[in-house]
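> just to be clear, the model below is a prediction. Sequence and coordinates:
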Amino acid sequence: MSFLYETLLAPFADFEFMRRALAACVALAVGAGPVGVFLVLRRMSLMGDAIGHAVLPGVAVGFMVSGLSLGAMTLGGVAAGLIVALLAGVTARATGMKEDASLAGFYLTSLAIGVLLVSARGSSIDLLNILFGSILAVDDQGLFLVAGVATVSTLTMSFIFRSLVVECFDPVFARSVGAGGAWVHAIFLALVVLNLVSAFQALGTLMAVGLMMLPALAARFWSEDISQIVFISTGFAIMSSVMGLLLSFHVEWASGPSIVLVASMFYGASIIFGSRSGLLARWMRRPHFHEPEDASR
Amino acid sequence: MKLACRIFASLLALASAMYPCAAATLKVVASFSIIGDMTARVGGDDIDLTVLVGPDADVHVFQADPKRARAVASAQLFIANGRGLDAWASRLIKASGSKATLVNLTDAVTGRPGDPHAWQDVKNALAYVEALRLALATADPKKAFAYDQRASLLHAELLALERQVRTEFQLIPAVRRKAITTHDAFGFLGQAYGVEFIAPLGISTENQPSAKSVARLITQIRKERITAVFLENIADNRLISQIARETGIALGGRLYSDALSPASGPAASYICMMRHNVRLLTEAMAKGS
């Protein structure tokens, strides 16, 4: 019993920085979980990554204007992310080009501008840290930001949930009944940006994408039902955070990557054991040998 | 035709005779602000100095732009720190096609293998200055006398600084001489003056800490009642602020470890930097006693 306490609870009971890290991670998981699921369902799994890079020039401008201030960098990041996401969306809808193609065009532009701004400033250490975050050093401001974004994100998602589901599976029907596809899409993109930017100072944008996408990808192997997938995904994300932090506490590993690696383990296990489309489930459901293979002839 | 040739040849000879006069100042490149300051002191007006990594910037993660690469290309002498701190120096010399001689100042230093921050011990700064004087005098023997004079002036100032630093630390009881910093840059200072420095990050500014190392540090601060916790000018300070908040310690200020401050700051030269750091350190350590 005391061993269990020592391994699982003592780290959080004894150290405030562990409690803060956990709170931030749980908030991130709750906010980003559902968003990640819809990114997967809409075949936009790589979008998070693209947006994560696209926020860089905004963060850099915020940093230049007022140094390492959370507010300025967050505002800048949100602005840059929104501009890229919206430009990509508008271009795609106006020209008939695929959305991922126009997103690639715009995010690469944005990233280049960001790198240019960072190197013009000279000292690059601070911004490197932003890309990799520092979950062990979340201050009050950061905590409020993450929690606030998670709240806004969850509420908004519950409002647009139905339209999103319809858009995902039957965009033609959604448009014909006037479900406001463009608006729903725009709001959804805004949520992706918000969640990634709020995560940038905790996990760093790159690791934050991992916590957003991996649990969602893993959850897809367990259910067909979207509401269930959302809950499973959020659950995986929270478990990854707790286990990742504990891993980083007991084994001497950096925290951000530990969390994402645990999420990867959930993903790996789901590929094999997932009850809906995991490898084992597929293998069990495989047609038996005595069924004639050429039945169709 | 023959005359024209002869005139042309003599013009050429004249030009080549004038050219070295015009470019007589030795072109020197120093890798970062601290050794840049020392090089400027020894070289004075007799060298044309370019410092690659300026004040408040991190030398570990330097990336060359064309302007700096040009400065390296035309340099005759490249002053670097060595021991991996500015490992990009030799690559930069090769890439820019420079014929500069590379001088690693840490070659003149012994002890703490692998730790590049040798200037934190003033005795090593004396060795740096001697190595600088030699390098400059070898590259431009005609100015050797001027280099010697400036070097011995700086040498005297550094000796005074060394005495001052030693006395100030000796006023603090040995058990109180403990300090927490962001990255492990003060090993030489600690070894020379009997101060124990503890850093949550490893030896470089690029590492990411584990929860375990942060927890260990907090436990140690509580147990040994350490009162000296510092920010650094080039590192990410969010983590150290979190540690200070959790242990209820007031931060002792901003130490300058791997870069000088801009001219208006408290650490515009090597000597100012050492005085500033030692004053902050001793003040914070004295609080606990």
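Here it is on my side, so go on. Numbering: from 1, shown residues only, chains lettered A, B, ... in the order given.
> where does the residue nearest the centre of chain B sit: helix, strand or coil?
Residue closest to the mean C-alpha point of chain B, counted by C-alpha atoms, centre = their mean, is residue B:34 at 3.2 Å. At residue B:34 the chain is in helix, as set by DSSP: H, G, I helix; E, B strand; the rest coil.
> make sure it is actually in contact with residue B:267.
No. Counting by C-beta atoms under 8 Å, residue B:34 does not reach residue B:267; the two are 9.4 Å apart. For glycine as for every other residue, the C-beta is placed from the backbone atoms N, C-alpha and C.
> overlap in contacts, these two.
Counting by C-beta atoms under 8 Å, 6 or more residues apart in numbering or on different chains, the shared contacts of residue B:34 and residue B:267 are B:260, B:273.
> quick check on residue B:31: phi, psi?
Per-residue torsions, residue B:31: phi -70, psi -40 (degrees, to the nearest 10).
> can you show me the helices along the stretch 101-250 of chain B?
All helices of the stretch 101-250 of chain B, identified by DSSP state H, counting those that start in this stretch, fall at B:122-139, B:144-170, B:187-193, B:211-224, B:238-247.
> the next helix or strand after the last one vs chain A: in contact?
What that stands for is helix B:238-247. Next in sequence after helix B:238-247, counting helices and strands by DSSP states H and E, comes strand B:254-255. No. Strand B:254-255 lies apart from chain A when judged by C-beta under 8 Å from any C-beta of the partner chain; the minimum separation is 13.0 Å.
> what does the helix or strand just after strand B:254-255 rub up against?
Downstream of strand B:254-255, the first helix or strand assigned by DSSP H and E is helix B:270-287. Identification of contacts with helix B:270-287 by C-beta under 8 Å, 6+ apart yields B:34, B:37-38, B:119, B:122, B:125, B:157-158, B:161, B:164-165, B:168-169, B:171-172, B:176-179, B:189, B:195, B:227-230, B:252-257, B:260-261, B:266-267.
> what's the mean pLDDT across helix B:270-287?
Average pLDDT, helix B:270-287: 91.
> quick one: it to helix B:144-170, angle?
0 degrees (axes from the mean of the first three to the mean of the last three C-alpha atoms, to 10 degrees).
> quick one: helix B:270-287 to chain centroid distance?
Chain-centre distance of helix B:270-287: 17 Å, with C-alpha atoms, centre = their mean, to the nearest Å.
> give the buried residues for that helix.
Buried residues in helix B:270-287, counted by 16 or more other C-beta atoms under 10 Å in any protein chain shown: B:270-278, B:280-282, B:284-285.
> near chain B, which residues of the stretch 151-297 of chain A show up?
Checking the stretch 151-297 of chain A against chain B by C-beta under 8 Å from any C-beta, the hits are A:201, A:245, A:248-258.
> buried ones among these?
Neighbour counting by 16+ other C-beta under 10 Å classes A:201, A:245, A:248-249, A:253-258 among those as buried.
> in chain A, where's the longest helix?
Identified as the longest helix of chain A according to DSSP state H is helix A:140-169.
> list the residues that contact the residue in the stretch 1-150 of chain A that chain B sits nearest to.
Going by C-beta to the nearest C-beta, chain B is nearest to residue A:137 of the stretch 1-150 of chain A, at 3.8 Å. Residue A:137 is in contact with A:17, B:238-239, B:241-242, counting by C-beta under 8 Å, 6+ apart.
> how about residue B:50?
B:27-30, B:68, B:71-72, B:75.
> for it, give me phi and psi.
phi -120, psi 130.
> what's across from it in the sheet?
Residues in a beta bridge with residue B:50, per DSSP bridges, are residue B:29.
> tell me how far it lies from chain A.
Distance, residue B:50 to chain A, by C-beta to the nearest C-beta, to the nearest Å: 15 Å.
> give me the below-cutoff pLDDT ranges for the stretch 1-150 of chain A.
Judged by pLDDT under 70, the stretch 1-150 of chain A has its weakly predicted residues at A:1, A:67-68, A:121-133.
> any idea how far residue A:227 is from residue A:43?
Shown here: residue A:43 relative to residue A:227, a distance of 20 Å by C-beta to C-beta, to the nearest Å.
> surely residue A:21 touches residue A:134?
No. Contact criterion C-beta under 8 Å: residue A:21 and residue A:134 do not qualify, at 9.6 Å.
> neighbour count: these two, which is higher?
Set side by side, residue A:21 and residue A:134 show more neighbours around residue A:21, with 32 against 23, by other C-beta atoms under 10 Å in any protein chain shown.
> check contacts around the closest residue to that one other than its chain neighbours.
Nearest residue to residue A:21, sequence neighbours excluded (C-beta to C-beta, 6 or more residues apart in numbering or on different chains): residue A:135, at 4.9 Å. By C-beta under 8 Å, 6+ apart, the contact set of residue A:135 is A:21, A:24-25, A:202-203, A:245, A:255-256, A:259.
> mind listing the helices for the stretch 101-250 of chain A?
With DSSP H, counting those that start in this stretch as the criterion, the stretch 101-250 of chain A has helices spanning A:125-132, A:140-169, A:171-176, A:181-200, A:205-219, A:226-250.
> in the stretch 1-150 of chain B, what spans have low per-residue confidence?
Applying pLDDT under 70 to the stretch 1-150 of chain B flags residues B:1-23, B:61.
> what residues does it have near chain A?
B:54, B:56-58, B:60-61, B:63, B:65.
> now these: which count as buried?
By 16+ other C-beta under 10 Å, the residues of the stretch 1-150 of chain B next to chain A give B:56-58, B:60-61 as buried.
> just to revisit the earlier point, looking at the buried residues of helix B:270-287, which is nearest residue A:53?
Nearest to residue A:53 among the buried residues of helix B:270-287, counting by C-beta to C-beta, is residue B:273 at 37.0 Å.
> quick one: the closest one and chain A, what's the gap?
Residue B:273 is 17 Å from chain A, by C-beta to the nearest C-beta.
> nearest residue to that residue in space, please, no chain neighbours.
The shortest distance from residue B:273 to any non-neighbouring residue, by C-beta to C-beta, 6+ apart, is to residue B:267 (3.7 Å).
> you'd agree residue B:79 is in a strand?
Yes. Using three-state DSSP, the assignment for residue B:79 is a strand.
> okay, now it: neighbour count?
By other C-beta under 10 Å, 32 other residues sit near residue B:79.
> repeat that for the one 5 residues further on.
Applying the criterion other C-beta under 10 Å, we find 13 residues in the vicinity of residue B:84.
> tell me the SS of it?
Residue B:84 ends up coil, using three-state DSSP.
> next one: the one 10 residues further on
Going by three-state DSSP, the secondary structure assigned to residue B:94 is helix.
> gap between it and residue B:72?
10 Å.
> mind listing what the closest residue to residue A:101 other than its chain neighbours touches?
Leaving out its chain neighbours, the residue that sits closest to residue A:101 by C-beta to C-beta, 6+ apart is residue A:92, at 7.7 Å. Residue A:92 makes contact with A:98-99, A:101-103, according to C-beta under 8 Å, 6+ apart.
> state the pair within those that is farthest apart.
Using C-beta to C-beta for every pair in the contacts of residue A:92, the one that comes out farthest apart is A:98 and A:103, at 8.9 Å.
> wait, residue A:208 sits on residue A:202?
Yes. Assessed by C-beta under 8 Å, residue A:208 is found in contact with residue A:202 at 7.4 Å.
> now find how far off-centre stretch B:38-49 is within its chain.
From the chain centre to the centre of stretch B:38-49 is a distance of 15 Å (C-alpha atoms, centre = their mean).
> centroid residue for chain A?
Nearest residue to the geometric centre of chain A (C-alpha atoms, centre = their mean): residue A:212, 2.2 Å.
> thinking again about what came up before, neighbour count winner among residue A:98 and residue A:103?
The neighbour comparison of residue A:98 against residue A:103 (other C-beta under 10 Å) goes to residue A:103, with 24 against 10.
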